[in-house]
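S.K.: one predicted model, sequence on top.
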Amino acid sequence: MIWAERVLERPLELLSDHAHCELRAASSAQGLITRNPSMAGLVDSLSRLALEELKHFRQVIALLEEFGGELLWAEPNPYVEGLINGTKSTRGAALLDRLLISGLVELRSLERFDMLADAATDPKVKALYAELGPSEAGHATLFSRLAEDVFPAELVEKRAAELCEIEGSVVAGLEFAPRMHSGVAKEHPAS
Ligand SMILES: [Fe+2]
Ligand SMILES: [Fe+2]
């Protein structure tokens with residue numbers, strides 16, 4: 001719970017970072033469509049997902065603006081970049097890796113949303129994260145299903161296990177910051 005309490009001390013930075021996560025999720029889904037135009041099921045489901053992510057983006061920036069904040073410049077996301085770079089060195093199928101990474105990011109976001117919904121004292125922040133959580137859970141399931149539609153179950157399972165190991169080492173190396181995918185908060189700073 002320490003992580004959620006600490007990031008909620010800086011809600012404007014958290015919400016700006018979260019907004020960029022939603023925008024990137026929409027953009028990533030569009031990239032998958034662009035690179036796989038002949039896969040009708042993927043095109044249909046990921047275009048719906050991209051719309052949902054953009055809706056989430058609008059919900060987040062609406063709350064950000066209500067709190068007097070503004071959307072800041074996007075910063076690199078060490079968590080997602082760590083996953084992408086980690087898979088490059090172990091050479092899986094590009095589409096499988098992208099689907100599995102997207103599913104992992106959805107699950108990690110869901111975990112963070114649940115912690116934020118529990119820890120938030122502001123009712124609007126609590127309501128936002130309680131509302132968005134189930135949607136991201138559905139997205140994680142969708143990415144798993146898309147992977148299993150295209151690739152043999154054994155291969156999906158094997159690569160998913162490898163990715164979980166990569167994710168573990170990426171997460172262990174993340175620094176704390178008021179960001180959605182930051183590392184653990186070890187101690188409260190002296191104030
Ligand atoms: Fe989302
Ligand atoms: Fe999502």
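M.R.: The structure has been received and is ready for your questions. Treat the numbers as computed from the prediction; the structure is a model and nothing was measured. Ligands and ions are numbered 1, 2, ... in the order given.

S.K.: once you drop chain neighbours, what's closest to the residue in the chain that ligand 2 sits nearest to?
M.R.: When distances are taken as CB to the ion, the chain reaches nearest to ligand 2 at His139, 3.7 Å away. Bear in mind the C-beta positions are built from the backbone N, C-alpha and C, glycine included. With sequence-adjacent residues excluded and distances taken as CB to CB, 6 or more residues apart in numbering, His139 is closest to Glu106, at 4.5 Å.

S.K.: and for Ser27?
M.R.: Counting by CB to CB, 6+ apart, the residue nearest Ser27 is Ala50, at 7.9 Å.

S.K.: show me where the chain has helices.
M.R.: Using DSSP state H, the helices of the chain run over 2-7, 11-35, 40-66, 78-90, 94-119, 123-150, 153-172.

S.K.: ok, back up a step: how many other residues sit next to the residue of the chain closest to ligand 2?
M.R.: Residues lying near His139 (other CB atoms under 10 Å) number 24.

S.K.: residues from this structure in reach of ligand 1?
M.R.: With CB under 5 Å from the ion as the criterion, the chain meets ligand 1 at residues Glu22, Glu53, His56.

S.K.: hmm, try it at 6 Å
M.R.: With the criterion set to CB under 6 Å from the ion, the chain comes near ligand 1 through Glu22, Ala25, Glu53, His56, Leu132, Glu136.
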